[in-house]
Every structure is written in structure tokens, then in C-alpha cells.
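Engineer: Whatever this is, show me its structure:
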Amino acid sequence: MFGRKRSNGQRGGPVTFHGEAGLLSVRVGDENGRPLPGTQMVMLHKRTQRQTKVVADEFGLAVSTLSAGTYAVSVSASGYRAQNSTVEVVSGDHTSLNDLRLVPDENRQLPDPGEWVLDPDHTAIRFIARHIGLCEVHGRFRSFQGSIVVGKQIEDSTVEVVIDAASIDTSADKRDDHLRSPDFLDVRRFPQIRFHGHRFRRAPGDRWSIDGTLNLHGASRGVRLDAGYLGLRTWNGDRLGAVATTELHREDFTINWQQTLAKGLVMVGSTIQIQLDIQAVRA
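Structural biologist: The predicted structure follows:
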């Protein structure tokens with residue numbers, strides 16, 4: 001049962017916040033009490049209908065400062081049933097949902113063994129790079145193919161993706177031409193980008209770590225994907241859904257081009273974020 005707990009202060013003194021606000025917190029774990037990082041706590045103010053969302057840290061702790069009032073609160077994590085309640089947030093007080101354990105969603109069925117082929121019309125391979133320290137440049141690869149071979153034990157599964165490097169698209173022709181040049185991808189010498197994932201490890205909920213090898217720009221490096229399984233659907237065949245993210249450092253793949261601006265600012269950041277949205281159809 002959700003309850004209210006006043007903060008008595010910890011080492012270093014109590015947490016302070018605006019006098020017209022209150023503090024709401026929850027510590028979330030799985031059925032075995034292990035922390036569930038990435039859990040979402042969504043709070044809807046019943047009078048104003050204003051919605052606030054926070055994400056739990058690596059220890060499963062989610063905290064938000066809110067204006068006083070009555071809130072509908074939903075705590076949810078992928079692969080688990082959401083828990084909902086109504087909570088009263090009081091000005092100057094700390095309302096705690098205490099230690100909350102989520103129950104696995106029994107309706108989230110894992111895919112059967114066999115081969116699943118990526119549907120290019122409903123799959124996206126995106127990347128994000130930082131430009132002169134001011135903004136993010138978003139791009140994607142338009143042409144690719146791949147498959148997921150699900151083993152009898154999910155941990156024995158593999159994934160293979162082959163990307164046409166020249167299909168890079170950032171919605172700017174001049175920039176895309178530069179990215180295809182020898183300064184970056186050098187697509188004439190290295191026309192394909194390949195990823196082979198060979199080790200699946202389950203994390204809490206429907207999270208997975210996928211270890212594999214990425215071959216990019218003639219260099220092969222180990223890469224780990226942080227993946228989330230989204231479940232199964234039937235539409236023009238049996239389909240599975242998944243999302244995955246990772247970060248690459250382009251210098252690890254000998255993509256070293258750089259231009260320095262005034263005051264030491266670099267033109268292109270070193271870290272590239274990769275985002276995958278996947279639909280695969282049973283072969």
C-alpha cells in the first residue's frame with residue numbers, strides 16, 4: 001500500500017525544495033527485490049491534468065518534485081505489470097511509495113525458435129552525433145538487411161545485420177557526401193557495415209544485453225547493445241518487436257577526421273549514439 005513518509009534528513013542535512021512543492025519518490029524492484037533501473041513513474045495531477053514523468057536510476061530510485069495536490073500515479077517497467085494508485089502530495093513534505101516490487105507480465109511471450117527476418121519497411125537504424133557542441137545531428141541508414149536466429153534457449157540466439165554504408169541520410173546532401181567520403185565512412189573501400197551478435201544475456205524485465213562484433217571502416221570491435229523486447233504480434237505474418245541502443249566512439253574505428261574551431265571547439269563529436277527500432281517477421 002502506498003503511504004506517506006516525512007523526510008527526517010540524512011547525512012548532510014535534509015533535502016530542501018520550493019515551499020509550495022512536495023517530494024514524491026519510489027524505489028522499484030523486480031519480484032526478487034533486485035533494482036529495476038529505467039522504470040517510469042508517471043504522475044497526473046487530477047485537477048490540472050498536468051502530467052510529469054521521471055525514470056528510475058540504476059538503483060531503481062525515482063524522485064520528483066511536484067506542486068501540491070492529488071495525483072494518479074503509474075509505475076511501470078517493460079515486461080512487468082504497471083502498478084497504479086492515487087497519491088496526495090503535500091507542500092513541504094516527502095511522500096514515499098516505499099519499496100515497490102513489480103510483478104512480471106505473464107502475457108509477454110518469448111518468440112519461438114527459428115529465423116526471423118528484419119522488415120525494412122518497419123525497421124529503423126538511426127544515429128545521433130553532436131555538432132560543434134551546440135546541437136545534435138540525426139541521421140539514418142536507408143538500406144540494410146538482417147535476421148535474428150532464435151535458439152532453443154534464448155541465450156543461444158544470434159543476430160546478423162548488414163548495412164549499405166552509402167545509404168547514410170542526414171537530410172543534407174552536402175553533409176551526406178562528406179560522410180561517404182574517405183574522411184568518414186569511405187564507402188568505396190568499405191561499402192558495408194556488419195554487426196554479428198552472438199551472446200544474449202537477460203537483464204531484469206524484458207531487457208537484454210547483446211554482445212557482438214561490429215565491422216566498420218575496416219575495423220572490427222566488440223559492441224554491446226542494450227536491448228528491450230516488445231513482444232509478438234500477428235499482422236501479415238508473425239512479428240516480433242525490439243529496440244536497442246549503444247554508443248560508439250568513431251576513433252575506435254579509425255574515423256579520425258576532425259576540424260577544430262575557435263577556442264578549441266571541435267566540429268564533430270567523438271561519441272555516436274545508435275538507436276535501433278526493429279520489427280522482424282518469421283521466415
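
Engineer: remind me which residues of the stretch 51-200 of the chain are low pLDDT?
Structural biologist: 107, 132-133 (pLDDT under 70).

Engineer: Okay, strands next: where are they in it?
Structural biologist: 51-55, 61-67, 69-76, 83-89, 94-101, 114-118, 124-131, 135-141, 144-150, 158-164, 168-169, 192-202 (DSSP state E, counting those that start in this stretch).

Engineer: buried sites along the next helix or strand after the last one?
Structural biologist: Pointing back at strand 192-202 there. Sequence-wise, the next helix or strand downstream of strand 192-202 (DSSP states H and E) is strand 207-216. Going by neighbour count (16 or more other C-beta atoms under 10 Å), the buried part of strand 207-216 is 207, 208, 210, 212, 214, 215, 216. (Glycine included, C-beta is placed from N, CA and C.)

Engineer: Quickly list what the third one is bridged to.
Structural biologist: Applying DSSP bridges to residue 210 yields these beta-bridge partners: residue 200, residue 225.

Engineer: so it sits right up against residue 159, yeah?
Structural biologist: Yes: counting by C-beta atoms under 8 Å, residue 210 touches residue 159, with 6.6 Å between them.

Engineer: overlap in contacts of those two?
Structural biologist: residue 197 (C-beta atoms under 8 Å, 6 or more residues apart in numbering).

Engineer: Now do the same contact list for the nearest residue to residue 218 once chain neighbours are set aside.
Structural biologist: Spatial nearest neighbour of residue 218, chain neighbours left out: residue 190 (5.4 Å); criterion: C-beta to C-beta, 6 or more residues apart in numbering. Residues near residue 190 by C-beta under 8 Å, 6+ apart: 165, 216, 217, 218.

Engineer: Could you do residue 220 as well?
Structural biologist: By C-beta under 8 Å, 6+ apart, the contact list for residue 220 reads 213, 214.

Engineer: now it, which residues is it bridged with?
Structural biologist: residue 215.

Engineer: And it, how far from residue 238?
Structural biologist: Counting by C-beta to C-beta, to the nearest Å, the gap from residue 220 to residue 238 is 33 Å.

Engineer: Likewise for residue 278?
Structural biologist: Distance of residue 278 to residue 238, given as C-beta to C-beta: 14 Å.

Engineer: With neighbour numbers in mind, choose between those two.
Structural biologist: The neighbour comparison of residue 278 against residue 238 (other C-beta atoms under 10 Å) goes to residue 278, with 24 against 16.

Engineer: Quickly find the element holding the more buried one.
Structural biologist: Using DSSP H and E, residue 278 falls in strand 268-282.

Engineer: residues touching the most centrally placed residue in the chain, list them.
Structural biologist: By C-alpha atoms, centre = their mean, the mean C-alpha position of the chain lies nearest to residue 245, the distance being 5.4 Å. Neighbour list for residue 245: 225, 226, 273, 274, 275, 276 [criterion: C-beta under 8 Å, 6+ apart].

Engineer: Likewise for residue 196?
Structural biologist: Contacts of residue 196 by C-beta under 8 Å, 6+ apart are 158, 159, 160, 212, 213.

Engineer: Tabulate those (JSON lines), appending distance to residue 196.
Structural biologist: Shown next, in JSON lines, are these (distance: C-beta to C-beta, whole Å):
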{"residue": "158", "distance to residue 196": "7"}
{"residue": "159", "distance to residue 196": "7"}
{"residue": "160", "distance to residue 196": "6"}
{"residue": "212", "distance to residue 196": "5"}
{"residue": "213", "distance to residue 196": "5"}
